[in-house]
Structures are given as structure tokens and as C-alpha cells.
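> build me a model from this:
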Amino acid sequence: MSQQKPQVLFISADRIGDAIMSIGAIREIGRQIPDAEITVAVGPTAAALFRAAPRVVKVIPWKKQKLSGHWRTLWKQTVGTHWAMVADVRGSVMSFFLKADQRRLYSRKLEKGEMKVVTFSNMMKAVKTAEPEIFLDDKARADAAAIIGDDAAPILAMAPISTAADRSWPAERWAELTQKLMKEPRFEGWRFMPVGGPGDHAAATPALAVAGDRGIDAVGKCDILGSAALLQRATLFVGNDSGLMHVSAAAGTPTLGLFGPSEWWHKAPYGPKGRVLAAAPVRGEFAPITALSVDQVFAEVLALYDTFARSGR
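Numbers count the residues shown, from 1 in each chain. Okay, the predicted model is just below:
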């Protein structure tokens, strides 16, 4: 890190989904301060997303501690720098006390019913939406290649998990969906790839069992940037409301997100290839994710195929 160049502190989120929805700040910082060097403080599970990001010179994997000890730790690592900008998606009190020429701080006042990507863009005072983006490196691509292998068959990626049980479509329904898709002529020869973290095997096992030799086990095999490379290699994606859903959309893969009792109108997969299937499709209403039937999800996956994969689009 060179003190001859303007230093910017970007305090990102603890969760992968929020980190992705606000990651457009990296490009926006570069637009506002062209020669900036960026330090990113972010939750450890999302930290790999920033290791190859442009202008990022340091990543602080910032783990929560008891009695807000993580804030004291971060303060010690940042208080000695005069920052050209502090951009904080958590809107922390700490950010008011750091030496900074400019501040971009999240506030509830910014929430006006828009998608969170737009809200984060407004926080950054961006002229246009700071769109989510994935910054891959050679390691992530190599990790993905080792898992997928040389088979060039199209891949349907799946994220059968979420951070909350009430946002997770039941594992047995993922297995039923996989079985229906394997029998569907559109998906003849396709491979099926559950993606997740080290603790997500139980959710993915039923679908993998059904897929047999057409399955790709990508659960717990690499970090989140490696998972992003996997999802970029996929032809289509379907998954619960989760960080991986946002990673898939940011990677440019046609993405179907399944929503139960969460705000799909704020957290839908962002971009022209993002689609939503909500248990309660009326904004402001909620229903359990178990209200989504296998037939409903199957029909939406076919629609995703017809829109983006029928002619290799």
C-alpha cells in the first residue's frame, strides 16, 4: 500500500449476498477517485471475492467477535490512515471518527423500496447503478476446471441451501426436480451441479444421488471465488434466496431465485438474466418456501431454458 496514492477504505458486508449486492462500489470508487488504492474490510466467507478486484491492495477478513470486539480490531487497523474516502455499507459509528476527506455511509434513510443494489449505488452517490461484478483470478478458474473436468456438456447449477431454514426449499424436492429435469428432452445430456459450502452436503446429497454419473459434486470443494468460477461455467442456475444466487447473477449466468418469506423485490438476482419465483408473488406478502411445488419450479426452469439456452443464448 502506497501512501503516495489516495487511500480508500471500503467496509463491506459479513454475508456473501450483501457483499455481492454492494461490490459495484469497487468500480465506482475507481470512477470517483481514479488513482485510489482500496482496502476492503469484509466477512471471512466473502473475503475471496475481493482478492482479484481492481485497485484493491489489501483485504481484511473481518470476523465478528463478542461484545463488538471486531469493531475495535478494525479501528486499530484503520485509525492511523488519512483516508481519501470511507465507504461503509454497514453505516457504522466508527466510520464517522476515521480521518476521511469523503464518506459514503449506509443509512436507513436510503431505503426507498428499491432493489438493494440500487440502494447501495445511491449510498455511493453513483451517477448510474453500480452493478455487481465478479473478479476471477487464475486460481478460481483452475479450481473450477478441476471440479468440472473436460466434459463440455451444458450444466444446470443448483444452490439447494440458504442461510436460513425457512428460505431453503426442501432437499427432497431438489431431488424430485433433478429427476424430472433428467427425463425432460430439453435437458438430455446435461449435467447437474449442486454448489455450496462445507456444511451444505446434507441439502445437496439427495439431488446428487438422483443425478448419478450426470452429477457434479461442487459442495465444499473451493472458496467463494472458486464457486463463482463454477457458476460462470454453468449454462443455467436455480437456487434458494442465498449468496450463491447473487454470485450466479453477477457472474452473468441466467439465474432463477426461489423465494419464501423474504423480500424478493429488494433481493432479486440483479440483471437482465435474473428471474424470481416467489411463494407469495405480491409485493409485501409472504408465504413459506414450501408453498412452491416441484411442478412450479420445473416450469420456471423450462422457461429459463427457453429464454436463454434454447439457441445457446
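
> what lies in contact with the helix or strand bottoming out on mean pLDDT in the chain?
Lowest mean confidence among the helices and strands of the chain (mean pLDDT, DSSP states H and E): helix 69-78, at a mean of 90. Here helix 69-78 makes contact (CB atoms under 8 Å, 6 or more residues apart in numbering) with 9, 11, 39, 41, 60, 62-65, 92, 94, 98. To be clear about C-beta, it is placed using only N, CA and C from the backbone, and glycine gets the same treatment.

> so which of those are in strands?
Residues of the contacts of helix 69-78 located in strands (DSSP state E): 9, 11, 39, 41, 60.

> hang on, the earlier thing: and the least confident helix or strand of the chain, which residues are buried?
If you call a residue buried by 16 or more other CB atoms under 10 Å, then helix 69-78 has these buried ones: 70-71, 74, 78.

> mind putting these in CSV, distance to A229 included?
Formatted as CSV, the buried residues of helix 69-78 follow (distance: CB to CB, whole Å):
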residue, distance to A229
H70, 29
W71, 33
L74, 29
T78, 31
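
> nearest to S22 among the residues you listed?
L74 (16.9 Å; CB to CB).

> mind checking the SS state of D151?
At D151 the chain is in coil, as set by DSSP: H, G, I helix; E, B strand; the rest coil.

> the helices in this protein, which residues?
With DSSP state H as the criterion, the chain has helices at 16-21, 25-32, 69-78, 94-97, 116-123, 138-148, 171-183, 201-211, 224-233, 243-250, 264-267, 294-308.

> lowest average pLDDT across those helices?
Between these, the one with the least mean pLDDT is helix 69-78; it has a mean of 90.

> how distant is it from the center of its chain?
Relative to its chain's centre, helix 69-78 lies at 26 Å (CA atoms, centre = their mean, to the nearest Å).

> what do you get for stretch 208-226?
Per CA atoms, centre = their mean, the centroid offset for stretch 208-226 relative to its chain is 18 Å.

> and what of stretch 212-227?
16 Å.

> what does it contact?
Stretch 212-227 is contacted from outside by 16, 45-46, 48-49, 51-52, 134-137, 139-140, 143-144, 147-148, 155, 157, 182, 190-201, 204, 207-208, 229-230, 243-244, 247, using CB under 8 Å, 6+ apart.

> please repeat the previous calculation with a cut-off of 6 Å.
Here stretch 212-227 makes contact (CB atoms under 6 Å, 6 or more residues apart in numbering) with 16, 48-49, 140, 143-144, 147, 191-198, 200-201, 204, 208, 230.

> mind giving me the ChimeraX command for buried ones among those?
Applying 16+ other CB under 10 Å to the contacts of stretch 212-227 leaves a buried subset, and the ChimeraX line that selects it is:
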select :16,48,49,140,143,144,147,191,192,193,194,195,196,197,200,204,208,230
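
> residues in contact with the nearest residue to K273 once chain neighbours are set aside?
Nearest residue to K273 in three dimensions, chain neighbours excluded: P254, at 4.3 Å (CB to CB, 6 or more residues apart in numbering). By CB under 6 Å, 6+ apart, the residues touching P254 are 236, 273, 304, 308.

> got it, and G196?
Contacts of G196 by CB under 6 Å, 6+ apart are 161, 204, 219.

> next, the distance between the ends of stretch 63-72.
The first and last residues of stretch 63-72 sit 12 Å apart, counting by CA to CA, to the nearest Å.

> can you give me the neighbour number for the closest residue to R141 other than its chain neighbours?
Among residues not flanking R141 along the chain, A229 sits closest, at 5.2 Å (CB to CB, 6+ apart). By other CB atoms under 10 Å, the residues close to A229 number 25.

> and the gap between A229 and S162?
From A229 over to S162 the distance is 21 Å, taken as CB to CB, to the nearest Å.

> also A152?
From A152 over to S162 (counting by CB to CB), the distance is 31 Å.

> more neighbours: the two, which one.
Legend: neighbour count by other CB under 10 Å for A152 and S162, higher for S162 (26 against 8).

> what are the phi and psi values for the more buried one?
Backbone geometry at S162, expressed as degrees, to the nearest 10, gives phi -150, psi 170.

> repeat that for D35.
Per degrees, to the nearest 10, the backbone of D35 is at phi -100, psi 20.
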